[in-house]
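>>> Here is the input, now give the coordinates:
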Amino acid sequence: MLDVSALDLSGVRLAVLSACETSLGAHRVPDESLHLVSAFQLAGYPQVVGTLWQVNDLVARMVAVDLHEGVSAGEDVATALHRAVHRCRGRFGKTPTLWAAYLHSGR
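Predicted coordinates:
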């Protein structure tokens, strides 16, 4: 996190961290809000999409594709992510651990 937060990435728009637990803080300091998502924001990304727990590869791909399509079509990132997760929820509704891990941070 320190290496990422020290970078100067001004001029960037969006980071999508489609990996496991990118929005989860350290277990040793549960009251801290430092995690990979916040590190990317400190480095200059105004918006970051992260996850709260391990994600399924198939669902991660679906979310990434739908998110990209939504943003490319002019949707704001939060709305595009909402639609992407909602689509996965429709497909895997009885297994929220597959689709509920995603979150948007930023403006």
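>>> What is the host helix or strand of A84 packed up against?
Under DSSP states H and E, the secondary-structure element containing A84 is helix 77-91. Helices and strands in packing contact with helix 77-91 are listed as strand 47-51, helix 57-72, helix 96-99, strand 102-106; criterion 3 or more C-beta pairs under 8 Å, 6 or more residues apart in numbering; DSSP states H and E. Every C-beta, even on glycine, is put in place using the N, C-alpha and C of the backbone.
>>> swap the cut-off to 6 Å and go again
Under the contact criterion of 3 or more C-beta pairs under 6 Å, 6 or more residues apart in numbering; DSSP states H and E, helix 77-91 touches helix 57-72, helix 96-99, strand 102-106.
>>> Now stretch 13-26: average pLDDT?
When pLDDT is averaged over stretch 13-26, the result is 70.
>>> One more: stretch 96-103?
On average, the pLDDT along stretch 96-103 is 94.
>>> Show me what it is in contact with.
Defining contact as C-beta atoms under 6 Å, 6 or more residues apart in numbering, one finds that stretch 96-103 is touched by 23, 50-53, 55-56, 59, 63, 85, 88-89, 92.
>>> buried set for it?
Neighbour-count burial for stretch 96-103 flags L98, W99, A101, Y102, L103 (criterion: 16 or more other C-beta atoms under 10 Å).
>>> okay if I get those residues as CSV plus distance to A80?
Conversion of these to CSV gives the following (distance: C-beta to C-beta, whole Å):
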residue, distance to A80
L98, 19
W99, 15
A101, 17
Y102, 11
L103, 13
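>>> Name the nearest of those residues relative to L42.
Of all the buried residues of stretch 96-103, the one sitting nearest L42 is L103; the distance, using C-beta to C-beta, is 17.1 Å.
>>> so S10, which of the three states?
In the three-state summary, S10 is assigned as coil, counting by DSSP: H, G, I helix; E, B strand; the rest coil.
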